[in-house]
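Engineer: Give me the fold of what follows.
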Amino acid sequence: MTGHAIRPCEERDIEIIYEIINDAAQAYRGIIPTDRWKEPYMSKDELRHEIDEGVTFWGYIENGELLGVMGMQDIEDVTLMRHAYVRTARRSQGIGGRLLSELLKKTRRPILIGTWAAAVWAVRFYEAHGFCLVSPEEKDRLLKRYWSIPERQIETSVVLAERRLSYRMGEKT
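Structural biologist: Below is the predicted model of the structure:
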């Protein structure tokens, strides 16, 4: 592979981030519940809203081209990994793993990842990188506490946490 870099995305990257998300999200078509699918999967306004809410996107660049993105968002006492997407034509080439590995180094907080329950490839990816599914009860609690998503999305999602973390993370003691 030729040279690559991982860097924070900038304003000039917004259009390409939008393209990557909506290209890669095609994998969800027919997999996630049909009432949760829409075209585009993430609108430009939704993307801007996510950034305004504190999601910092990082990009994987190869030969000057942005090929994958992953967002980080600090909420209360945790960091959420959000919106991880790699261009369809470049999947299964280690780009997502490199992004995740780099972003894991950028926080000391407990890390949580939410994804669609039916996206088994995504769950396997995160499990292969040291995350494990939390129980359904814990998933509901975490999604309601740290994410702003509709109840229907909570019903159809899973949460993964780093294996090294205690089971009851985020609870006030």
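
Engineer: which residues of the chain fall in helices?
Structural biologist: Per DSSP state H, the chain carries helices over the ranges 14-24, 44-52, 95-104, 120-128, 136-146, 151-155.

Engineer: Could I have the CA atoms of the shortest one written out in CSV?
Structural biologist: What it means is helix 151-155. Output in CSV follows, covering the C-alpha atoms of helix 151-155 (Å, rounded to 0.1, in the frame of the first residue of the first chain):
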residue,chain,number,x,y,z
GLU,A,151,-37.2,4.4,20.7
ARG,A,152,-37.5,2.3,17.5
GLN,A,153,-33.8,2.6,16.9
ILE,A,154,-33.1,1.6,20.5
GLU,A,155,-35.2,-1.5,20.0
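
Engineer: For it, the averaged confidence score.
Structural biologist: Taken as a whole, helix 151-155 has a mean pLDDT of 91.

Engineer: Could you do stretch 121-135 as well?
Structural biologist: Mean per-residue pLDDT for stretch 121-135: 95.

Engineer: on that earlier part again, tabulate the helices of the chain (CSV), appending distance to residue 71.
Structural biologist: All C-beta atoms are positioned from the backbone trio N, CA, C, and that covers glycine. What follows is these, written out as CSV (distance: least, CB to CB, whole Å):
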stretch, distance to residue 71
helix 14-24, 9
helix 44-52, 7
helix 95-104, 9
helix 120-128, 14
helix 136-146, 14
helix 151-155, 17
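
Engineer: Ranking helices and strands of this protein by mean pLDDT, which lands last?
Structural biologist: When the helices and strands of the chain are compared on mean pLDDT, DSSP states H and E, helix 151-155 comes out lowest with a mean of 91.

Engineer: Touching that helix from outside, list them.
Structural biologist: With CB atoms under 8 Å, 6 or more residues apart in numbering as the test, helix 151-155 has contacts from 33, 35, 36, 139, 140, 143, 144, 147.
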